[in-house]
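Attaching a predicted model along with its sequence, questions to come.
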Amino acid sequence: VDEIDALAKEEIKKVVGESAFMHTKVNQWTSNVVEGCLKRLAALNKPFKFVCTVNFVQKAGAGMHTASTALWDSKVDGKHTVQWENNTTQC
């Protein structure tokens, strides 16, 4: 789990860094982060399938709530959430 946290945060920081939130960049940021994370996860050569979802929101004093659902085998499947932020953006 720590390895996944670090990997995801490194990819987000590489793509967004300290850039100010710009709505026009969110689609590209999202694509780049997802692609980078999935490539690095695949390179770990673990016997898992990975799904990567990214949400960017401008920090404007409001909270961000997300929800998701999935059907899986609780004996072998799981979910992990990574949070990241800079001065103007939450992910």
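Received it, and whenever you're ready, just let me know what you need. All values reported here derive from a predicted model rather than from experimental measurement.

helices or strands up against the longest helix along the chain?
Criterion DSSP state H: the longest helix present in the chain is helix 26-43. Using 3 or more CB pairs under 8 Å, 6 or more residues apart in numbering; DSSP states H and E, the elements in contact with helix 26-43 are helix 2-15. The way it works is simple: take the backbone N, C-alpha and C, and place the C-beta from them, glycine included.

List the buried residues of the helix it packs on.
For helix 2-15, a neighbour-count test (16 or more other CB atoms under 10 Å) marks 7-8, 11-12, 15 as buried.

which of those lies closest to A67?
A8 (19.4 Å; CB to CB).

I'd say the closest one and C37 touch.
Yes: A8 is within contact range of C37, at 5.6 Å (criterion: CB atoms under 8 Å).

The longest helix of the chain vs helix 2-15, what angle?
Between the axes of helix 26-43 and helix 2-15, defined by axes from the mean of the first three to the mean of the last three CA atoms, to 10 degrees, the angle is 140 degrees.

pLDDT averaged over helix 26-43 - what is it?
Mean per-residue pLDDT for helix 26-43: 97.

Residue numbering should commence at 887 henceforth.
Renumbered: residue one is now 887, and that last one reads helix 912-929.

Name the residues of it that are buried.
Neighbour count says helix 912-929 has 912, 915-916, 918-920, 922-923, 926-927 buried, by 16+ other CB under 10 Å.
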